[in-house]
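Peer 1: next comes the sequence, and after it the predicted model I'd like to discuss.
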Amino acid sequence: MFESFDAILLARIQFAFTIAFHIVFPAFTIGLASYLAVLLALWLKTGRGVYLRLFDFWKTIFAISFGMGVVSGIVMSYQFGTNWSAFSDKAGPVIGPLMGYEVLTAFFLEAGFLGIMLFGRERVGKGLHFMATAMVAFGTLLSATWILAVNSWMQTPQGFAINDVGQFVPVDWWQIIFSPSFPYRLIHMVLAAYLTTALVVGAVAAWHKLRRRDWPEVHTMFSMAMGMILVVAPLQIFMGDLHGLNTLEHQPIKVMAMEGHFESHPNGAPLILFGFPDREAQTVHWSIEIPKLSSLILKHDLNAPMDGLDTVPREMQPPVEIVFWSFRIMVMLGFAMLGLGLWSLLARLRGRLHDSRNLHRFALAMGPAGFVAVLAGWITTEVGRQPWTVYGHMLTADSASPISAAAVGASLVAFIIVYFAIFGTGVVYILRLMARLTEVDEDDLTDGPLRTAGITPGPAQKESHHGH
C-alpha cells in the first residue's frame, strides 16, 4: 500500500503528526500551572473563596491535560529509535544528555509535587500546598527550557566537535545549551503558552457569560484572562520581531521562505502580505506587496539589500509554500490576540467588560487561536529548517533509519487511529468539564463540595456586581 511512497517523507509526516498532538498539551499546561499558582496565591492573600473555587475547577483540567501531554510525549520519543536512528546515533552525545536532564529535573519535579497540588491541601497545610503548586509551575517552565535548548541547538548548533565516526560530541555545554537562538525561542514559546492558556480561560468564561451565568467565578476568570492577553500579546509581537531578526542572522534561508522572497532585492525588499508561492516557478503569484517594507522591518532601512532564494540551490530550499502560509497564520492570529486585548481594555474603561456580548463572542471564537498559532509557529520553525536536521551539518535525508515505507506507513495509520480515539476522547471530556462550572453561596465552606449550576441565586451572585 505504501511501497510507492518515500519512507523519509512518511517518517517526517509521522513525527509532525505526533508532535502536533503533543505540543498543544504542554502549550496549555505551562500557562495553566502558572495560573493555578496565581489563583492559590490570591486566595491565600485575600481569603476570597472565588479564587479557591477557580483553582479547584482548573486543577482537574490541568491534571487531565498534563497526563495526556506525558503520554503523547513518551510515544513521540520512541520515533528517535524507530524512524530516526541515524540522527540518534550521530547527535545522541549532545541530544541525549539534554533530554535526560529534562526528565531528571523538570519531570521529576512536576511528578513529585503534582499529587500534593491535586490532593494535599487538607493534608499538608496551606503553605506547603502552595509551594507544591509553585514547584509544579516551575517544573513546566524548566521542562520547556530543556526542550527548547535541544531544538535551538539543532537550529543554531555550536559548542560541539565531530569525531572520527561522524558523531557530534560536546565540547562546551554552555554554548550547546545557550545557543544563539535559545533565549528568543524560549521566551517566545513561554509567552505563547501564557497566551494559549489566557485565551482558553477567557473563552470558557465567555461561554458561560453568553449563557447569562453572571457569577463571580465567571467575572474573575474573564477579567484575569483579558488582562493577561492585553499584557502578553504586545510582548509576544515584540519578541517575535526580535526572534525574526535573530533568525535572519543565523538562518537567512528560512526568512527568505517566510517572506516569499524568491528574487534578491538590491534596493529594498517588499513585504509580501499575501500571495501564492510557487517553488517550481520560483515566484509568488498574485502577490499583494508593500514596497521596501520588508527591508525596513528586518534591517531597519528602506533601501537595505535582501538576498532571495535565487541565491540558494533548489535542493537546499525549504518547502516555501508551507513556511510562507504558516508564518502568516501565526502573525495574523497574533494581531487578532492583540485586538482582543485592546477591545477588552476599551470595554473595561467603559465599564462594559462583563456585559459586552460581542466582546464575549469574539473571546469565545478566539479560544482555539493559541493552539493554532503555536502549531503554525512550530511548522514555520521546523519546515523552514529543511533540508537540515542539524542546521548546516546534518541533512534530514541522512538522519532517517533504514526502514521501509510500508513499515512507516502502517505505524502512521495506527498512530492516527489511536491518537484520534484516545486524545479525541480526552479533549471532549475536558470540554465537558469546562462547561460544568458550578456556583456556591459565599456562606458555604470554600473547600466544600460545589453545588450544581442553576440553583437559586445566593450571595455569590450578589458578589458578581462588585466589579471583578
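Peer 2: In hand now; what should we look at?

Peer 1: whichever strand or helix holds I272 pairs with which strands?
Peer 2: Here I272 is covered by strand 271-278, with elements defined by DSSP states H and E. Strand 271-278 pairs in its sheet with strand 283-290 (antiparallel), by DSSP bridges.

Peer 1: what are the buried residues along the helix or strand following the strand it pairs with?
Peer 2: Under the assignment DSSP H and E, the closest C-terminal helix or strand after strand 283-290 is helix 293-299. For helix 293-299, burial by neighbour count (16 or more other CB atoms under 10 Å) applies to 293-299. Backbone N, C-alpha and C define where each C-beta goes, glycine included.

Peer 1: quick one: distance of the strand holding I272 to the chain centre.
Peer 2: 25 Å (CA atoms, centre = their mean, to the nearest Å).

Peer 1: equivalent analysis for stretch 219-231, please.
Peer 2: For stretch 219-231, the distance from its own C-alpha centre to the chain's C-alpha centre is 19 Å (CA atoms, centre = their mean).

Peer 1: now it: average pLDDT?
Peer 2: On average, the pLDDT along stretch 219-231 is 94.

Peer 1: who does the helix or strand harbouring K254 touch, helix- and strand-wise?
Peer 2: If you go by DSSP H and E, K254 is part of helix 252-259. The contact analysis (3 or more CB pairs under 8 Å, 6 or more residues apart in numbering; DSSP states H and E) places helix 252-259 against helix 216-250, helix 293-299, helix 320-349, helix 369-385.

Peer 1: okay, the angle between that helix and strand 283-290?
Peer 2: If you take axes from the mean of the first three to the mean of the last three CA atoms, to 10 degrees, helix 252-259 sits at 70 degrees to strand 283-290.

Peer 1: hmm, who's touching helix 252-259?
Peer 2: For helix 252-259, the external contacting residues (CB atoms under 8 Å, 6 or more residues apart in numbering) are 244, 247-248, 262, 269, 271-272, 294, 298, 306-309, 312, 316-320, 323-324, 327, 380, 384-385.

Peer 1: ChimeraX command to pick out the buried ones of the residues you listed?
Peer 2: Buried residues among the contacts of helix 252-259 (16+ other CB under 10 Å), as a ChimeraX selection:
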select :244,247,248,262,269,271,272,294,298,306,307,308,309,312,317,318,320,323,324,327,380,384,385
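
Peer 1: all strands of this structure, in order?
Peer 2: For the chain, the strands defined by DSSP state E cover 160-162, 168-170, 271-278, 283-290, 388-390, 394-395.

Peer 1: single out the most deeply packed of these.
Peer 2: Mean neighbour count, computed with mean count of other CB atoms under 10 Å, is highest for strand 388-390 among those, reaching a mean of 22.

Peer 1: mean confidence for that one?
Peer 2: On average, strand 388-390 scores 93.

Peer 1: in the chain, which helix is the longest?
Peer 2: The helix that spans the most residues within the chain, counting by DSSP state H, is helix 7-46.

Peer 1: what are the buried residues along that one?
Peer 2: Neighbour-count burial for helix 7-46 flags 7-8, 10-15, 18-40, 42-43 (criterion: 16+ other CB under 10 Å).

Peer 1: do the same with stretch 241-260
Peer 2: Within stretch 241-260, the residues that qualify as buried are 243-244, 246-248, 250-260, counting by 16+ other CB under 10 Å.

Peer 1: could I get the strands of the chain in CSV, plus columns for distance to A193?
Peer 2: Listed next are the strands of the chain as CSV, based on distance: least, CB to CB, whole Å:
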stretch, distance to A193
strand 160-162, 29
strand 168-170, 28
strand 271-278, 28
strand 283-290, 32
strand 388-390, 25
strand 394-395, 29
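
Peer 1: between the ones you listed, which gets nearest to A369?
Peer 2: Closest to A369 of those, according to CB to CB: strand 271-278, at 19.2 Å.

Peer 1: that closest one to helix 320-349, inter-axis angle?
Peer 2: What separates the directions of strand 271-278 and helix 320-349 is an angle of 140 degrees, with the same axes, to 10 degrees.

Peer 1: for the record, mean pLDDT for strand 271-278?
Peer 2: Mean per-residue pLDDT for strand 271-278: 90.

Peer 1: remind me which residues of the stretch 301-450 of the chain are low pLDDT?
Peer 2: Across the stretch 301-450 of the chain, residues meeting the criterion (pLDDT under 70) sit at 438-450.

Peer 1: that should have said the stretch 1-150 of the chain, apologies.
Peer 2: 1-4.

Peer 1: now do the helices in it.
Peer 2: Remark: helices assigned in the stretch 1-150 of the chain by DSSP state H, counting those that start in this stretch are 7-46, 49-77, 79-82, 85-101, 108-119, 121-124, 126-155.
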